[in-house]
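**Q** Below: sequence and its predicted model.
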Amino acid sequence: MLGTDQQQISLYELGEVRPRTRTMLNLATCLGVRREWLCDGQGPQYEASTEFDNQLPKVITKELAKGETVVTFVLSSDLRRALAKRARTYGFTVDELLATTLYALADESPEDDASP
């Protein structure tokens, strides 16, 4: 999910090693929680709901060869701006933010896809 191996994650969980800021930002994004809450347990766990909660993007899929699928998101300009702003706070592009979120939702990493 984060490009971090299981041994490193275990060290984080045991409190033997503290993740770098970038890793914490990626982890918070993957888990859909606020970075401050993840880092120190302070404040609300999740962001407050937004005006975009009821503006679902249109999703278009197209099957390709080799079991791959092209997924296209059609976003309103307001939602696109909001996602771009959120992505910048984590040092991501909108594409990276969406991909990271999709992998977190699927609970798998790109490396898992490479295995036969």
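**A** Here it is on my side, so go on.
**Q** Return the mean pLDDT over the helix or strand harbouring Thr100, rounded to an integer.
**A** Taking DSSP states H and E as the criterion, Thr100 maps to helix 94-106. Across helix 94-106, the average pLDDT comes to 82.
**Q** tell me what that helix is packed against?
**A** If contacts are counted by 3 or more CB pairs under 8 Å, 6 or more residues apart in numbering; DSSP states H and E, helix 94-106 sits against helix 21-31, helix 77-89. Heads up, the C-betas are built off the backbone N, CA and C, glycines and all.
**Q** give me that answer again for 10 Å
**A** The contact analysis (3 or more CB pairs under 10 Å, 6 or more residues apart in numbering; DSSP states H and E) places helix 94-106 against helix 21-31, strand 69-74, helix 77-89, helix 110-114.
**Q** contacting residues around stretch 14-32?
**A** Contact with stretch 14-32 is made by 1-4, 8-12, 33-39, 45-47, 86-87, 89-92, 96-97, 100-101, 103-105, 107, 109, as judged by CB atoms under 10 Å, 6 or more residues apart in numbering.
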